[in-house]
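Engineer: model the following, please.
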Amino acid sequence: MNLATAPAHAWPLTDLRPSPDDILGDALAGLSSTPKRLPSKYFYDAAGSRLFEAITRQPEYYLTRVELALLARRAADIARTLGPRLHVVEYGSGSGRKTRLLLDALQAPIAYTPVEISRATVLDSTARLADAFPGIAMLPVCADFTRPVPLPTPPQPARGRLLFFPGSTLGNFDDHEAVALLAAMRDTLGSGGRALVGIDLVKDPAVIEAAYNDAAGVTAAFTLNLLARLNREVGSDFDLAAFRHRAVYAASRQRIETDLVSLREQSVYVAGRTFAFAAGEAMRVEISAKYTDAGFATLVARAGLRVVAGWNDARDWFGLRLLEA
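Structural biologist: Predicted structure coming up:
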């Protein structure tokens, strides 16, 4: 079903009216900081979303491919561990490929609730799955999932809540932000709820770096598209040809650090303000943390959670971890 043909009342949308993003305010704050930065959440306009889907198909980008294979191989075991009649909640459902694998494997899931900050995106996520799973109540929520989210009540009683957060998105938050997100997740789940979280694992740095520097240059185009979006939406005048994409694995911090590097001395104008860049100056646009089991367990413990089960792919490149309060 697509949104053009779906009736407006197809699913009972819970709209918590999250505050819209302040892209101009965030850009000005980031450009005024030292070192300069821009929030990675603004990568995903329409062009950025298309580019990211293209990234997931690049041979170097193992994350999506390996996680999908892990879910396909271990879905039955995961489902046995989780048990029947769950209300499945998902943060940022994307294309829905991973969601389908999970819902197919689960025993008689009661309801599915995608949570997105964009009303159009959350309805699109619901539309992609509704036809495939007619026996599951679709209960979309428009909300900011970095804060606790009051969830709708399914039409039938569920045995428990499962929050699905695949794709290693947690790694895009620094430790302080990740702990805050996990604590909000714990509050959303309530008593007895559990979360299934995807994490990219520490491995050969060459494998990690290649995933963020594909030979076709798709990731570079994705990163630079952030500047094109700013030019279009806030009236800045970034010269995309004057910046280059750089993604490096910082082993001491166990994370990829992605920057846009100024190729020359230049000035950029945003909303009447001037921001000077030196030649070679780097502006941070994204991090992507990689985890060890010990490090991840310590992180989630700071949010009042613990790891109770886990599944890895055959090479221990990627993992799914089951958390509970």
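Engineer: domain parsing for this structure?
Structural biologist: Under automatic domain parsing, the residue ranges defining each domain of the chain are 37-58+205-289, 61-203+290-324.
Engineer: and those as CSV, adding distance to Asp15 and mean neighbour count?
Structural biologist: Where you see a C-beta, it was placed from the backbone N, CA and C, and this is true even at glycine. Listed next are these as CSV, based on distance: least, C-beta to C-beta, whole Å; neighbours: other C-beta atoms under 10 Å:
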stretch, distance to Asp15, mean neighbour count
domain 37-58+205-289, 20, 17
domain 61-203+290-324, 4, 19
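Engineer: tell me which of those lies nearest to Leu31.
Structural biologist: Proximity to Leu31, assessed across the domains of the chain by C-beta to C-beta, is greatest for domain 37-58+205-289 (4.6 Å).
Engineer: just the terminal-to-terminal distance for the closest one.
Structural biologist: Separation of the first and last residues of domain 37-58+205-289 by C-alpha to C-alpha, to the nearest Å is 17 Å.
Engineer: next one, pLDDT for the residue of the chain most remote from its centre please.
Structural biologist: Relative to the centre of the chain, the most outlying C-alpha is that of Glu265, 33.6 Å out, by C-alpha atoms, centre = their mean. We note a pLDDT of 98 for Glu265 in this prediction.
Engineer: which ones are touching it?
Structural biologist: Shown here is Glu265, whose contacts under the criterion C-beta atoms under 8 Å, 6 or more residues apart in numbering are Ala276, Phe277, Ala278, Ala279.
Engineer: likewise for Thr113?
Structural biologist: If you count contacts by C-beta under 8 Å, 6+ apart, Thr113 has them with His87, Val88, Val89, Glu90, Leu139, Pro140, Val141, Leu151, Pro152.
Engineer: quick check: the third one is in a strand.
Structural biologist: Yes. Secondary structure of Val89 (DSSP: H, G, I helix; E, B strand; the rest coil): part of a strand.
Engineer: please name the bridge partners of it.
Structural biologist: In this entry, Val89 is beta-bridged to Thr113, Leu163, by DSSP bridges.
Engineer: tell me the contacts of it?
Structural biologist: Tyr112, Thr113, Pro114, Val115, Val149, Leu151, Arg161, Leu162, Leu163, Phe164, Thr188, Leu189 are the contacts of Val89 under C-beta under 8 Å, 6+ apart.
Engineer: any chance of the residues you listed in JSON lines, plus distance to Arg306?
Structural biologist: Supplementary listing: those in JSON lines, determined by distance: C-beta to C-beta, whole Å:
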{"residue": "Tyr112", "distance to Arg306": "26"}
{"residue": "Thr113", "distance to Arg306": "24"}
{"residue": "Pro114", "distance to Arg306": "26"}
{"residue": "Val115", "distance to Arg306": "23"}
{"residue": "Val149", "distance to Arg306": "21"}
{"residue": "Leu151", "distance to Arg306": "22"}
{"residue": "Arg161", "distance to Arg306": "17"}
{"residue": "Leu162", "distance to Arg306": "16"}
{"residue": "Leu163", "distance to Arg306": "15"}
{"residue": "Phe164", "distance to Arg306": "18"}
{"residue": "Thr188", "distance to Arg306": "17"}
{"residue": "Leu189", "distance to Arg306": "13"}
